[in-house]
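*Asks:* Would you be able to build a 3D model of this:
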Amino acid sequence: MHIENIVESMCIKFQTRNPFEIARYLNIEVLFEQLGNIKGYYNKAFRQKMIHLNQNLEYDDSKQTCAHELGHAVLHTESNTPFLRANTLFPIGKYEREADYFAVNLLYSDNDIAEYSKYSVPDIAVAFNLSEQLVAYRISVLQNRHK
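*Replies:* Residues are numbered from 1 along each chain as shown. Have a look, this model is predicted:
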């Protein structure tokens, strides 16, 4: 199943796009901690999924980071990216890209993107505080869905 379909089915099931609420419905613990310059990370210990967020983030950054880490929790359930990054040569770029795609689909509905259809990708990126690559991806999802 494609990431955008997974996200849409979750949004319909839980009637929200709020990553904090979805995490609660999925029994994923969200912890706010002192993480220095790290925005957040996901891990699973003793069958408990946890999202760790930097307590110093502004709400919008916290929400985006939670959505990204929720992507790891849903798509990469058994993966511990901090461990993989520190202890293996496993390429985690694919996991990070998938978590980004999950987050952008969760946080920005088709209607949100359609409202900005007359604007350029760079303008939308600034408005949503996203990379141009993620905006282009999200626009392509919208266009493919309406073909």
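
*Asks:* Give me the next element, helix or strand, following the helix or strand of the chain with the lowest mean pLDDT.
*Replies:* Ranked by mean pLDDT, DSSP states H and E, the weakest helix or strand in the chain is helix 81-87, scoring a mean of 53. Using DSSP states H and E, the helix or strand that follows helix 81-87 in sequence is helix 93-107.

*Asks:* What helices and strands are in contact with that following helix?
*Replies:* helix 3-14, helix 19-25, helix 59-75, helix 132-145 (3 or more Cβ pairs under 8 Å, 6 or more residues apart in numbering; DSSP states H and E). Backbone N, C-alpha and C define where each C-beta goes, glycine included.

*Asks:* Okay, buried residues for the last one please.
*Replies:* Right, helix 132-145. Using 16 or more other Cβ atoms under 10 Å as the test for burial, helix 132-145 gives 134-135, 137-139, 141-142.

*Asks:* The second one now?
*Replies:* Taking 16+ other Cβ under 10 Å as the neighbour-count basis, helix 19-25 is seen to contain the buried residues 19-20, 22-23.

*Asks:* got it, and stretch 71-78?
*Replies:* Buried-residue list, stretch 71-78, by 16+ other Cβ under 10 Å: 71-76.

*Asks:* And those, which is closest to Ala125?
*Replies:* Nearest to Ala125 among these is Gly71, at 19.1 Å by Cβ to Cβ.
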